[in-house]
Each structure stands twice: as structure tokens, then as C-alpha cells.
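> Provide a 3D model corresponding to the input given below.
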Amino acid sequence: MNKLENLSSESNLIADRVFVRSYLDKIPENRQLSEQENADYESKIIALLAKKNAALVAHYYTDPLLQALADKTSGCVADSLEMARFGSNSSATTLMVCGVKFMGETAKILSPEKTVLMPTLEATCSLDIGCPIETFSAYCDQHPDHKVVVYANTSAEVKARADWVVTSAIAVDVVEHLLDLGEKVIWAPDKHLGRYIQNKLGAQGDEMLIWDGACIVHEEFKLKALKDMKHLYPDAAILAHPESPLPILNVADAVGSTTQIINAAISRPEQKFIVATDSGIFYKLQQAAPEKEFIMAPTSGDGATCRSCAQCPWMGMNTLQNLYESLLNESNEVHVDLKLGKRAMVPLQRMLDFKQDN
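Got it, this is the predicted structure:
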């Protein structure tokens, strides 16, 4: 790639990051419901789930009310892959996916015969929208000798363009596998997870090219504030998601996916944990280890740049009210073109097979 092409590529990436930030201004404020209103919606949703043979599937980062309702109705609270896997194995003919849009798409790809609904189709992800298919595909075309490995937090179109789809739980293992085979890798879209993998494996030069994307939640964690908090709680272990910046990961006692963070909280001997990931995970952490104390890792605070403050604003768009309305009216259905879904299923199946073998 010549210098002019490189500058053009960098300009596109910068423009994409600005584009991601612009989405934050479109997020509506949610009206807080009373306890009685929440209870009323919950009872109506439970009745509709039974009537429509629907299963409720919620991500760890959604409102605890939604996670609790999924647990109560024998649904699923999990990471994005396990959400989709649960949906494909469920006898339900309708899946209500509480999360962000790529999760609904992944559920539809794995279960094309099922109706997939979401409380809102406006809930997106900064990693997804920061990796638009046109720009990303052009970037991949500039490096045809590289295998394309993308994170699950991507659109169906980006997945279909990839050779591999991975979750944070197996990202290091898959990239290591490819490097051991002598392959070069394009990693997308999360640069912090990419640098963590690169650092872990010692990948050099163009062995691993990293897309410039980031999660607006995890990017807010700050090292100085984290060290100050560690002084306040010297006996606490730091648990961090690898979407966090590398300085955060370097001081963490355990780095892992949402499920791995929960497992670490259960298995580690410490009684206090400072947690550097979305605050929605506290519902499952407290459920999994009720005798332990969990403290939110500090972000940049209440300044103008803090639009997440350890809580994904798009995950927050999922509410009991719009869940009920979507289920009642069978609205906000997720559609994935069948041909596109079949192409996306190829790298997804590689991930599923790899996870079973390892």
C-alpha cells in the first residue's frame, strides 16, 4: 500500500470514529418506571412469552430487570455467542433478544427458521458501527495475503467478509493458531483487544494488522483513577475485559470475557473485586458470588467526554416497556438475507468447531 493510500485509509478510520460518536446524540432518554409499572409489564411479558412460544434471551450488560426476567422464565442470560447458541437449541419458535443489533443478527444467522425480535432495532454498538462494511472490505482487499478475523461485535455483512469470527474468550487462541500456521492476520474491530492479543502473542510487524475501533464503555477506564481505587481497596483483585485499554489490562489480576470474569470472581480467593467492564454484569456477579463485594472500576467521570460511564447507552435502550410492545405486536423483527446469512455462518461455524475442539 503506497503512502497516498495509507493516508486515505487513516482518514477513513478517523471519519468512522467521529461517525460512531455522532450516534450517541440520537439515544433517547428512558422514562423511569415505578415498581408497580415494572411488575405489571413483567406479568404481561411472562404471559406473552408462553402464548407465543417465545424465549427471552438477554445479554449480561442489559438492565438487571431484564436479566432477572430471563432467569425467571427459563430463558438465557449470557454473552453474545451463548445467547445465539441457546436460541438455536431452544424449542421456542420466537426469540426475544435483549441486547444490541449484532446479537439479534447472530441469533438469526444461527436460527434462520425462527422469528427473532428485539425490544428496539436502534440499539447498536460502537464496534459494529465503527467497522462499516464498505470501508472494511476495501481495507481487506488491500491486504489479500492476510486472514480476516473479526470479533462477534460486528454486522452480518462484516462477518460474511471474514475468514473467522471469534469471541473474546477464544480470540487469543484462534489468532495464535493462525500465526502458528504461518498466516498473517487482519484483526477487527476492537483495537484494545487486538493490542492485547498482539502483546500476548508477540506478533511483529504486519503479522497482525489492527482495525481502529473501540468500545465506548471500556475506553473510558483510566489507569490513574484505577490505581487510586486500588489504594483504597488494597485487598481487591482487578477483573478486566480485554476491550479495555492495554494499561488497564497490564495491572489486572484477571483478564477475560464476561463469562470468564464471572468465573474468576467465583474461583479466586479474594473477597473484593474491582471490575473493569460494563456495570450490567454486576447482576450476575452478585448472583454467582453473593458473599463477595464488587466495586465498579473508575471511568473518566462526569466530564463532557464520558458518555458511557461504565454502562453501554445502547444496551440501556432495552426496557420492559419496549420489550412488551415488541412481543405484543411482533415488531422490531431482525432480518438477515439468507445468502448473506449462509456466508456469515461459515466463519461462525469455524469458531463453533474450534471452541469444541479446544
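> Low-confidence ranges, the protein, go.
Where the chain drops to pLDDT under 70, the residues are 1-31, 300-309, 355-358.
> Recalculate using a threshold of 50.
For the chain, the stretches flagged by pLDDT under 50 are 1-17, 302-308.
> For it, which segments are assigned as strands?
54-59, 76-78, 94-98, 115-117, 146-151, 164-166, 184-188, 208-210, 237-240, 254-255, 272-276, 293-296 (DSSP state E).
> Export those strands as JSON lines, with columns for distance to residue 70 and mean neighbour count.
Backbone N, C-alpha and C define where each C-beta goes, glycine included. As requested, the strands of the chain are exported to JSON lines (distance: least, C-beta to C-beta, whole Å; neighbours: other C-beta atoms under 10 Å):
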{"stretch": "strand 54-59", "distance to residue 70": "4", "mean neighbour count": "26"}
{"stretch": "strand 76-78", "distance to residue 70": "5", "mean neighbour count": "23"}
{"stretch": "strand 94-98", "distance to residue 70": "7", "mean neighbour count": "28"}
{"stretch": "strand 115-117", "distance to residue 70": "14", "mean neighbour count": "22"}
{"stretch": "strand 146-151", "distance to residue 70": "24", "mean neighbour count": "24"}
{"stretch": "strand 164-166", "distance to residue 70": "24", "mean neighbour count": "26"}
{"stretch": "strand 184-188", "distance to residue 70": "30", "mean neighbour count": "24"}
{"stretch": "strand 208-210", "distance to residue 70": "34", "mean neighbour count": "20"}
{"stretch": "strand 237-240", "distance to residue 70": "23", "mean neighbour count": "24"}
{"stretch": "strand 254-255", "distance to residue 70": "26", "mean neighbour count": "20"}
{"stretch": "strand 272-276", "distance to residue 70": "21", "mean neighbour count": "23"}
{"stretch": "strand 293-296", "distance to residue 70": "20", "mean neighbour count": "16"}
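> how about TSV for the ones you listed, with distance to residue 286 added?
Shown next, in TSV, are these (distance: least, C-beta to C-beta, whole Å):
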stretch	distance to residue 286
strand 54-59	16
strand 76-78	13
strand 94-98	19
strand 115-117	29
strand 146-151	27
strand 164-166	29
strand 184-188	33
strand 208-210	35
strand 237-240	14
strand 254-255	18
strand 272-276	11
strand 293-296	7
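> Ok, which of those comes nearest residue 200?
strand 254-255 (9.1 Å; C-beta to C-beta).
> just how off-centre is that closest one within its chain?
Chain-centre distance of strand 254-255: 17 Å, with C-alpha atoms, centre = their mean, to the nearest Å.
> What is the neighbour count of the spatially closest residue to residue 310 that is not a sequence neighbour?
Closest residue to residue 310 apart from its sequence neighbours, by C-beta to C-beta, 6 or more residues apart in numbering: residue 279 at 4.7 Å. Counted with other C-beta atoms under 10 Å, the neighbours of residue 279 add up to 21.
> List the contacts of residue 279.
Neighbouring residues of residue 279 by C-beta atoms under 8 Å, 6 or more residues apart in numbering: 296, 310-311.
> for the strands of the chain, which one sits closest to residue 326?
strand 115-117 (5.2 Å).
> Identify all contacting residues around the closest one.
Taking C-beta under 8 Å, 6+ apart as the rule, strand 115-117 contacts 54, 87, 93-97, 104, 107-108, 326-327, 330-334.
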